[in-house]
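Engineer: here is a sequence with its predicted model. Questions after.
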Amino acid sequence: MKKITKQTYLKWYEDMLFWRKFEDKLAQVYINQKVRGFLHLYNGQEAVLAGSLHAMDLTKDKMITAYRNHPQPIGMGVDPKRVMAELYGKGTGTSQGLGGSMHIFSKEHRFYGGHGIVGGQIPLGAGLAFADKYKGNDAVTLTFMGDGATRQGSLHETFNLAMLWKLPVVFCVENNGYAMGTSVARTANHTEIWKLGLGYEMPCRPVDGMKPEVVAKEMDEAITRARKGEGPTFLEIRTYRYRGHSMSDAQHYRTKEEVAKMQEQDPISYVLHNIYENKWATEKEIEAIDNKVKEMVSECEKFAEDSPYPEKNVMYDTVYEQEDYPFLPHKL
Amino acid sequence: MKTIQFREAVCEAMTEEMRRDESIYLMGEEVAEYNGAYKASKGMLDEFGAKRVIDTPISELGFAGIAVGSAMNGNRPIVEFMTFNFSLVGIDQIINNAAKIRQMSGGQFNCPIVFRGPTASAGQLAATHSQAFESWYANCPGLKVVVPSNPADAKGLLKSAIRDDDPVIFMESEQMYGDKGEVPEGEYLIPLGVAEIKREGKDVTIVSFGKIIKEAYAAAETLAKEGIECEIIDLRTVRPMDHKSILNSVKKTNRLVILEEAWPFGNVATEITYQVQSQAFDYLDAPIIKLNTADTPAPYSPVLLEEWLPNQNDVVKAVKKVLYKE
């Protein structure tokens, strides 16, 4: 793994702050109905992504996740303007406006979605790894999921197969405490999700998901194991989401005090604190980053606003590879 | 009569039936402490307790199958899917077990169970969250499929579905839960398998069901101003289908437009078309027109979604076409 340096922390600060502000902007424009459908925001979970990206080889490794999926492609290298445009349903979006919030994809940057059915992406992640092993590629797939997904059968079948075939995959639960309104404790007879790996003899452990360097270290170990051909790892990365499950969630299942208490361990504040403690940047330099982030978010919004909607044929042209597929008519 | 929301009608139906019969329970994601993802079970945990109003983890295959097993052993479960899109994760238990157990066991076991939840599109939710599986479930012998379009029907039909001794797929809509409508005071049941004429007319028959029927109502208003009287039949139950009501109306109007929010290939409208041409061929004065969604997964973008869904203008055009008034 690349060494974690002053530059790493400064990058983490800028990236994580940008993801946070990007999501805040989406919440704002959602209220104005610029963005519609379901909107699931990543606020609070940024250290998981920051740490994971640091451990990955971004020239070849892959990532797949569920529907809380806006910062991940940006972290993998996708132009954030195109992610914002996708949420606006514009033709310049990552899926030309076909996917929306829950379905961001970038083949170019090896981000494989963006999946709306809970647990549906878990076998896909193992399948991406299967193909890499099959072709002899030296690449690893990070397969993310929420805590709710661990109760789906897809996880258990995939774990068994991934261990049986020693696939180069890291299964990562972003345990943010709640599957929509259901706490982890209310979904199973146990709360230590990482222990699910034990039944498959899969290396597994809990990870503090509020500190990017901790995530990076654990992820590096798991990625290295996978790259060496020793098979999958299961990490339960403990984090917290500050916002509701989606924009329509009144959050009666938790108290404001609980959210406030969790925000005391805010991962962005933590990174900033480390930067100041080590005197890696002055307040003025941090202010410059803050302003840059603000500017970048504004650019995304402007790009999305100004972009045209997709042409109607795009809805058809993207369904099949076959160019002259005979679609049935649906209206006169 | 009283005026209540669709979600309240669903809640009243379940609540009244659960008071009447101890063997009924409600199970699903967020049905208890959250009061339902769309608040269709509001207050039910408080009244019936955690034994009978049961939150599940996100495990559709598991809880669908557990409910089927319990139905084979004396329970009468109501299973809520947060949406029928998620029912696909558990569909094996519905198709291979719930629908087949009675026949396969030579009639020894029955499966009195209701699988309910919202179906079809609900705004810009994109491909995996906008699907209408009425025709999928209706294709399967052993199941009954009910799709109400207003609060009064929802309540009366859901009570009948819960009392039915066979498995019933009961499909609602996120976009209907807030709809208000008049509902009779006191207990009433609406039998499964009986369509209703929602608007009488002599010029053309429009058959529809579920929330998309509202586009037919709007079109009928527009057309009435031009002197065209539409008869609108709400199927209410897709399987078994009330062919008699459709045929009687077509024999009167001689023209048929079918409006269904579903992909066009082999859907409910296709089945109606077959039945009408085979039993009322000589009564038809124009080819039947069916209006559906585009033959593609649902797109997210608002401009594409508008094109994808059939709407009232499409109904107006179709009616004029079968009347040769283009």
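Structural biologist: Nice, I can see it. Residues are numbered from 1 along each chain as shown, chains lettered A, B, ... in the order given.

Engineer: for the stretch 1-150 of chain B, which residues are neighbours of chain A?
Structural biologist: Neighbours of chain A within the stretch 1-150 of chain B, by C-beta under 8 Å from any C-beta of the partner chain: B:29-30, B:33-34, B:37, B:55, B:57-62, B:85-86, B:88-89, B:123-129. Just so you know, the C-beta spots here come from the backbone N, C-alpha and C atoms, and that holds for glycine as well.

Engineer: mind exporting the C-alpha coordinates of the strand or helix carrying B:I246 to PDB?
Structural biologist: B:I246 is part of helix B:243-253 when elements are defined by DSSP states H and E. What follows is helix B:243-253, C-alpha atoms only, in PDB (Å, rounded to 0.1, in the frame of the first residue of the first chain):
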ATOM      1  CA  HIS B 243     -64.500 -11.800 -19.100                       C
ATOM      2  CA  LYS B 244     -68.300 -11.500 -18.900                       C
ATOM      3  CA  SER B 245     -68.300  -7.900 -17.900                       C
ATOM      4  CA  ILE B 246     -65.800  -7.100 -20.700                       C
ATOM      5  CA  LEU B 247     -67.700  -9.000 -23.300                       C
ATOM      6  CA  ASN B 248     -71.100  -7.400 -22.300                       C
ATOM      7  CA  SER B 249     -69.600  -4.000 -22.700                       C
ATOM      8  CA  VAL B 250     -67.900  -4.700 -26.000                       C
ATOM      9  CA  LYS B 251     -71.100  -6.100 -27.400                       C
ATOM     10  CA  LYS B 252     -72.700  -2.800 -26.500                       C
ATOM     11  CA  THR B 253     -70.000  -0.400 -27.700                       C
END
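
Engineer: could I have stretch A:128-139 exported to CSV, CA atoms only?
Structural biologist: This file holds the C-alpha atoms of stretch A:128-139, laid out as CSV (Å, rounded to 0.1, in the frame of the first residue of the first chain):
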residue,chain,number,x,y,z
LEU,A,128,-16.3,-9.7,-11.5
ALA,A,129,-13.6,-11.4,-9.4
PHE,A,130,-14.4,-14.7,-11.0
ALA,A,131,-13.7,-13.2,-14.4
ASP,A,132,-10.4,-11.6,-13.2
LYS,A,133,-9.2,-14.9,-11.9
TYR,A,134,-10.4,-16.7,-15.0
LYS,A,135,-8.5,-14.4,-17.2
GLY,A,136,-5.5,-14.3,-14.9
ASN,A,137,-5.9,-10.6,-14.2
ASP,A,138,-4.1,-9.4,-11.1
ALA,A,139,-7.1,-7.3,-10.0
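
Engineer: quick one: secondary structure of B:L26?
Structural biologist: Secondary structure, DSSP: H, G, I helix; E, B strand; the rest coil: B:L26 is strand.

Engineer: confirm that A:G51 sits in a helix.
Structural biologist: Yes: counting by three-state DSSP, A:G51 is part of a helix.

Engineer: my guess is it contacts A:M219. True?
Structural biologist: Yes: counting by C-beta atoms under 8 Å, A:G51 touches A:M219, with 6.1 Å between them.

Engineer: quick one: buried residues of the top helix by length along chain B?
Structural biologist: For chain B, the helix with the greatest residue count under DSSP state H is helix B:6-20. Across helix B:6-20, burial judged by 16 or more other C-beta atoms under 10 Å in any protein chain shown covers B:6-18.

Engineer: so which of those residues comes closest to chain A?
Structural biologist: B:R7 (13.8 Å; C-beta to the nearest C-beta).

Engineer: can you tell me the closest non-neighbouring residue to that closest one?
Structural biologist: Excluding the flanking residues, the one nearest B:R7 by C-beta to C-beta, 6 or more residues apart in numbering or on different chains is B:Y177, at 4.1 Å.

Engineer: now do B:A127
Structural biologist: B:A127 sits nearest to B:P297 (C-beta to C-beta, 6+ apart), 3.8 Å away.

Engineer: and for that neighbour, the neighbour number?
Structural biologist: 17 (other C-beta atoms under 10 Å in any protein chain shown).

Engineer: go on, B:Y274?
Structural biologist: Neighbour tally, B:Y274, other C-beta under 10 Å: 11.

Engineer: check what pLDDT it gets.
Structural biologist: B:Y274 carries a pLDDT value of 98.

Engineer: what's the answer for A:E230, then?
Structural biologist: Reported pLDDT for A:E230: 98.

Engineer: does chain B sit close to stretch A:15-26?
Structural biologist: No: Stretch A:15-26 is not in contact with chain B by C-beta under 8 Å from any C-beta; minimum separation 13.7 Å.

Engineer: so for that stretch, mean pLDDT?
Structural biologist: 98.

Engineer: got a list of contacts for it?
Structural biologist: By C-beta atoms under 8 Å, 6 or more residues apart in numbering or on different chains, the surrounding residues in contact with stretch A:15-26 are A:35, A:39, A:41-43, A:46-47, A:49-50, A:53, A:70-71, A:74-75, A:80, A:83-84, A:87, A:101, A:212, A:243, A:267-268, A:271, A:289-290, A:293-294, A:296-297, A:300-301.

Engineer: and the residue nearest to B:A127, what helix or strand is that in?
Structural biologist: Per DSSP H and E, there is no helix or strand for B:P297.

Engineer: distance of it relative to B:N75?
Structural biologist: 36 Å (C-beta to C-beta, to the nearest Å).
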